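Pasting the sequence and the predicted model now:
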Amino acid sequence: MSAAPTVWGLLAEFETAEEILLAAQRVRQAGFRHIDAYTPYAVEGLAAELGLRRSPIASIVLIGGLVGVAVGFWMQFYSSAIDYPLDVGGRPLNSWPVFVPIAFEVTILVAASAAFLGMLFLNRLPQPHHPLFNVPQFSRASQDRFFLCIEATDPLFDLRGTKRFLEGLSASAVMEVDH
């Protein structure tokens, strides 16, 4: 005998970007905080209405770039001035202008790798399964529909009350999301 599926949250479907923007604003004003939106394209102002913070990915890329340039310069300096010093025509062993092209390439490599790995980590990827994948209509989120989800972990979440609230936001459909 299997246990009854537990509700992960409620998913409201909207037809236009304006509707989901207004709905997100009203959901935040009502006090809900564990919410997310899924849209086929970026909707201006939606992140602010959802109360999302600025992404730390820019800082991660900057740190990766700084580490990359330091590694690029150190690698060349060590090999030409410390490990295998070779005096060619009286030139200095640590001629930094010669190191710039390779240091630049290492900077790009490490910064891009930091961006990729940081994005995977911050988005908790790979995630082969998500409870929203259980809702058949959710596949339209990448085509022409806009979805707003309130998770059951929200302190204000009440299945019946939250469902009535979402239906009052002119949602074309409100669906339960099971684990």
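Sure, I can see it.

rest of the way, CA atoms for contacts and neighbours
Fine.

which one's the longest helix in this structure?
As assigned by DSSP state H, the longest helix anywhere in the chain is helix 96-122.

Output the contacting helices and strands for it.
With contacts defined as 3 or more C-alpha pairs under 8 Å, 6 or more residues apart in numbering; DSSP states H and E, helix 96-122 has these neighbours: helix 57-77.

returning to that earlier point: distance from the chain centre to the longest helix of the chain, please.
Taking the mean of its C-alpha atoms, helix 96-122 sits 20 Å from the chain's own mean (C-alpha atoms, centre = their mean, to the nearest Å).

partners of the next helix or strand after that helix, with directions?
Counting by DSSP states H and E, the next helix or strand C-terminal to helix 96-122 is strand 146-151. Next to strand 146-151 in the sheet, as set by DSSP bridges, lie strand 7-14 (antiparallel), strand 35-38 (antiparallel).

Distance from the first one to the middle of the chain?
The gap between where strand 7-14 is centred and where its chain is centred comes out at 20 Å by C-alpha atoms, centre = their mean.

Please apply the same query to stretch 139-159.
Relative to its chain's centre, stretch 139-159 lies at 17 Å (C-alpha atoms, centre = their mean).

and if you look at stretch 26-39?
Its chain's C-alpha centre and that of stretch 26-39 lie 17 Å apart, by C-alpha atoms, centre = their mean.

Then stretch 123-134?
Remark: stretch 123-134 is offset 13 Å from the chain centroid, using C-alpha atoms, centre = their mean.

And stretch 75-92, by the same measure?
In terms of C-alpha atoms, centre = their mean, the centre of stretch 75-92 is found 44 Å from the chain centre.

try stretch 40-54
12 Å.

Quick one: end-to-end distance for that stretch.
In stretch 40-54, first residue to last residue: 21 Å (C-alpha to C-alpha, to the nearest Å).

can you check stretch 37-45 too?
End-to-end distance for stretch 37-45, by C-alpha to C-alpha: 12 Å.

Can you pull the domain assignment for the protein?
Under the assignment automatic domain parsing, the domains of the chain span 7-54+128-178, 57-122.

May I see those domains organised as TSV, with mean pLDDT added?
As requested, the domains of the chain are arranged in TSV below (pLDDT from 0 to 100):
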stretch	mean pLDDT
domain 7-54+128-178	94
domain 57-122	94
